[in-house]
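>>> have a look at this fold, sequence not included:
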């Protein structure tokens, strides 16, 4: 069984590296999101099985970017509405790629929902509150914090404190309040560091 898990982990990592070859800014992003999501899930006392599934989902949460043209992914300018709609489609594309894989966790659903928001303003389905899988809510916060704290093609890094201020400000509106509290605790009380 352990060998099977290692093989599955290796396959998931291989999938992640394919995305990273197309989008250099995704390189490292998925791993950092996975690491933060795992730490948050541990603080939330999720089961070891849920934590492992969430980590795996984090490693490939942006797999749908494979369907977005590379020049859009790496453009240093503001995206046009059409380009942004292509980017927004990556959650659905990721789900479509993963939905038939018989993972022991709801990875495809986590990938689909990682841009959903508590108030229904997210995408692709405008889900609200507990209609969003808990693991997806964790992934959403980890994704936002990592993305804001690091450099993107269209802007310099905003910094960790700006990212933490953003999630705290939008706690209960865009982001699950329990997940945000745990994230803030990790950085402020437990000295969690996003590794480069």
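Nice, I can see it. Here the structure is a predicted model, which means the values were calculated and not measured.
>>> might you report the residue contacts of residue 164?
By CB atoms under 8 Å, 6 or more residues apart in numbering, the residues touching residue 164 are 145, 183, 184, 187, 188. In short, each C-beta sits where N, CA and C put it, glycine included.
>>> select only the buried ones of those in PyMOL?
Only the buried members of the contacts of residue 164 end up in this PyMOL selection, burial being decided by 16 or more other CB atoms under 10 Å:
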select buried, resi 145+183+184+187
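>>> between the contacts of residue 164, which is nearest residue 25?
residue 145 (15.7 Å; CB to CB).
>>> what sits against the closest one?
Neighbour list for residue 145: 36, 160, 163, 164, 167, 183, 194 [criterion: CB under 8 Å, 6+ apart].
>>> identify the farthest-apart pair in those residues.
Maximum pairwise distance among the contacts of residue 145 (CB to CB): 13.7 Å, between 167 and 194.
>>> which helix or strand in this structure has the lowest average pLDDT?
Sorting the helices and strands of the chain by mean pLDDT, DSSP states H and E puts helix 2-22 at the bottom, at a mean of 74.
>>> which positions within it qualify as buried?
12, 15, 16, 19, 20, 22.
>>> show the pLDDT at residue 184.
Note on residue 184: pLDDT of 98.
>>> tell me if it really is in a helix.
Yes. Under DSSP: H, G, I helix; E, B strand; the rest coil, residue 184 sits within a helix.
>>> confirm residue 102 sits in a helix?
No. Using three-state DSSP, the assignment for residue 102 is coil, not a helix.
>>> show the pLDDT at it.
91.
>>> switch to numbering from 48
That works, and once the first residue is 48, the last one we named lands at residue 149.
>>> for residue 105, give me its contacts.
Taking CB under 8 Å, 6+ apart as the criterion, residue 105 is in contact with 77, 78, 80, 81, 82, 83, 84, 85, 186, 189.
>>> and for whichever helix or strand residue 226 is part of, what are the contacting residues?
Here residue 226, judged by DSSP states H and E, is contained in helix 224-235. For helix 224-235, contacts defined as CB under 8 Å, 6+ apart pick out 83, 86-87, 90-91, 184-185, 187-189, 192, 207, 211, 214-215, 218-219, 239.
>>> looking at those residues, which are in helices?
Taking DSSP state H, the ones among the contacts of helix 224-235 that sit in helices are 83, 86-87, 90, 184-185, 187-189, 192, 207, 211, 214-215.
>>> Throw those residues into JSON lines and include pLDDT, thanks.
Listed next are these as JSON lines, based on pLDDT from 0 to 100:
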{"residue": "83", "pLDDT": "98"}
{"residue": "86", "pLDDT": "98"}
{"residue": "87", "pLDDT": "98"}
{"residue": "90", "pLDDT": "97"}
{"residue": "184", "pLDDT": "99"}
{"residue": "185", "pLDDT": "99"}
{"residue": "187", "pLDDT": "98"}
{"residue": "188", "pLDDT": "98"}
{"residue": "189", "pLDDT": "98"}
{"residue": "192", "pLDDT": "96"}
{"residue": "207", "pLDDT": "91"}
{"residue": "211", "pLDDT": "97"}
{"residue": "214", "pLDDT": "98"}
{"residue": "215", "pLDDT": "98"}
